[in-house]
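In: Below: sequence and its predicted model.
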Amino acid sequence: MSALSSQVLEEIKELPAKYPQPRSAVMPALDLAQEELGHLTPEAMSEVAVALQLDPGYVEGVATFYSLFHLEPTGKHRFYVCTNLSCMLRGANEIVAHVKQSIGVTHAEQVSADGLFSYEEVECLGACEFAPMMRLDHKYHYDLTTERVDQLITERRAPTPLTPTLSPGGERERKPRAPRKKKADG
């Protein structure tokens with residue numbers, strides 16, 4: 001049985017044509033695999049190697065070298081908080097402490113009890129002038145405050161109207177919409 005879906009494997013097979021060197025496709029391929037599974041399993045790395053016609057050792061070497069690839073499960077939403085000098089001087093340690101307390105973890109390897117969150121302290125994310133900052137869900141968030149962190153967590157805990165909800169039987173549930181306000185006569 002395949003760790004990756006046929007759709008993701010097809011996307012991975014198309015990647016080498018976009019680069020002058022086929023090996024250059026390994027990072028975006030691993031990113032696709034990690035996005036689908038939440039982390040990189042040995043099976044997924046082997047499938048990436050086969051799809052790209054690369055040595056499995058090379059693919060695993062890339063996956064273990066870069067800190068944005070995870071070999072263990074992480075939360076659905078992972079905070080990458082910069083703790084380099086500029087961010088640290090402008091409050092990154094307080095942001096890290098607040099993230100940990102707010103999501104209910106004590107160290108970076110933990111996933112929150114609801115499976116939604118994890119965090120990692122990272123070196124420079126390249127926006128020192130906007131410190132403290134972090135990456136969350138492929139977006140950068142700047143000039144962080146504890147209030148902004150709370151807002152980001154709340155947004156991710158609340159289901160959005162665009163997110164389908166499945167009933168216990170697996171069918172989509174229809175969410176009731178809030179009634180519209182009537183315009184005042186005038």
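Out: Cool, the structure landed. Residues are numbered from 1 along each chain as shown.

In: Low-confidence regions, this structure specifically.
Out: 160-186 (pLDDT under 70).

In: wait, Asp150 sits on Ser102?
Out: Yes. In this structure Asp150 lies within contact range of Ser102 using Cβ atoms under 8 Å: 6.5 Å. Quick note: C-beta positions are derived from backbone N, CA and C, even for glycine.

In: what's the nearest residue to the residue nearest the centre of the chain if we skip its chain neighbours?
Out: Nearest to the geometric centre of the chain sits Asp137, at 4.6 Å (Cα atoms, centre = their mean). Excluding the flanking residues, the one nearest Asp137 by Cβ to Cβ, 6 or more residues apart in numbering is His77, at 5.8 Å.

In: number of nearby residues for the one you found?
Out: Around His77 there are 19 other residues, counting by other Cβ atoms under 10 Å.

In: can you give me phi and psi for it?
Out: phi -120, psi 120 (degrees, to the nearest 10).

In: Any figure for the gap between it and Val111?
Out: Distance of His77 to Val111, computed by Cβ to Cβ, to the nearest Å: 10 Å.

In: got it, and Thr146?
Out: Plainly put, Thr146 is 22 Å away from Val111 if you go by Cβ to Cβ.

In: any idea how this structure splits into domains?
Out: With domains defined by automatic domain parsing, the chain comprises 7-65, 77-157.

In: related to what we said a few turns ago, when Asp150 and Ser102 are compared, which one has more neighbours?
Out: In this view Asp150 and Ser102 are compared by other Cβ under 10 Å, and Ser102 has more residues nearby, 18 against 13.

In: Cool, thanks, talk later.
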